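Engineer: Next input, structure requested:
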Amino acid sequence: MNKFLKVLIAILGAINVTFSLFIPIAIALLIINIVNLTNFNAGLLIVFGISSSLYRAIKFLVVDN
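Structural biologist: As a prediction, this is how the structure comes out:
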């Protein structure tokens, strides 16, 4: 049972990390497709999504460990 719980917690942690990195970029792409944006605004939105993902990745790697 103990090994099962460790595996379950590891899987849930991996899912959490994956979605926390994926969601900002996915939301940025959805907004770009739904709203009629200029190229400059679309570029800013993508840069914001990528920088948010990078911030979350660095926070996970440096702070949480």
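Engineer: Remind me which helix or strand K6 belongs to.
Structural biologist: In the assignment (DSSP states H and E), K6 maps to helix 2-34.
Engineer: Name the residues of that helix that come out as buried.
Structural biologist: For helix 2-34, a neighbour-count test (16 or more other C-beta atoms under 10 Å) marks 21, 24, 28, 32 as buried. C-beta: built from backbone N, CA, C; applies to glycine.
Engineer: was I right about the first one contacting S52?
Structural biologist: No. Between L21 and S52 no contact is recorded; they are 9.2 Å apart, counting by C-beta atoms under 8 Å.
Engineer: Next, count neighbours for I58.
Structural biologist: By the measure other C-beta atoms under 10 Å, the count of residues near I58 is 10.
Engineer: Tell me the spacing between it and I50.
Structural biologist: Applying C-beta to C-beta, to the nearest Å, the value for I58 to I50 is 12 Å.
Engineer: what about stretch 31-47, average pLDDT?
Structural biologist: Mean pLDDT, stretch 31-47: 84.
Engineer: Flag every buried residue along it.
Structural biologist: Quick answer for stretch 31-47 (16+ other C-beta under 10 Å): 32, 42, 45.
Engineer: Tell me the one among those residues nearest to V62.
Structural biologist: L45 (26.0 Å; C-beta to C-beta).
Engineer: quick one: which helix or strand includes that closest one?
Structural biologist: Counting by DSSP H and E, L45 is part of helix 39-58.
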